[in-house]
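Structure, please.
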Amino acid sequence: MTAVHKLNDISDILATVRCLNEAVFMAASSPTLTDDATNAIQAVANEMHSKLLTVEDRLEEVRKALK
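All right, here's what the predicted structure looks like:
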């Protein structure tokens, strides 16, 4: 498997994690959760989103470096 294929696999994995994170964020709005639980889950989802953006930026840097 070439480096380009591996980078594409990483991009696919990140896309999946992004979708799962969005699902977690949406689930936090469940009326069965307390306000504290909702806030905690949303805070985790927001931090995950931030980290995903960082990883995506680094991945793009690696792609450019390989060109």
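
tell me the SS of S29?
What DSSP: H, G, I helix; E, B strand; the rest coil gives for S29 is coil.

Which residues are in contact with it?
Residues in contact with S29 (CB atoms under 8 Å, 6 or more residues apart in numbering) are T38. Yep, even glycine has a C-beta here, placed from its N, CA and C like the rest.

got it, and V4?
V4 touches L66, counting by CB under 8 Å, 6+ apart.

try 10 Å this time
By CB atoms under 10 Å, 6 or more residues apart in numbering, V4 lies in contact with R63, L66, K67.

Same check on N46?
N46 sits next to N21, F25 when contact means CB under 10 Å, 6+ apart.

quick one, what contacts A43?
Each residue near A43 by CB under 10 Å, 6+ apart is listed here: A28.

quick revisit: so which of the contacts of V4 is the closest to A3?
Among those, L66 lies closest to A3 (CB to CB), at 6.0 Å.

Not counting its neighbours along the chain, what's nearest the closest one?
The shortest distance from L66 to any non-neighbouring residue, by CB to CB, 6 or more residues apart in numbering, is to A3 (6.0 Å).

quick check: longest helix of this structure.
The residue-count maximum for a helix in the chain (DSSP state H) belongs to helix 35-66.

Can you give me the buried ones in that helix?
By neighbour count on 16 or more other CB atoms under 10 Å, the buried set for helix 35-66 is T38, I41, Q42, A45, M48.

Would you quantify the distance from the third one to K64?
Think Q42. Q42 sits 33 Å away from K64, going by CB to CB, to the nearest Å.

what's the answer for the fourth one, then?
The spacing between A45 and K64, counted by CB to CB, is 29 Å.

name the element L33 belongs to?
Using DSSP states H and E, L33 sits within no helix or strand.
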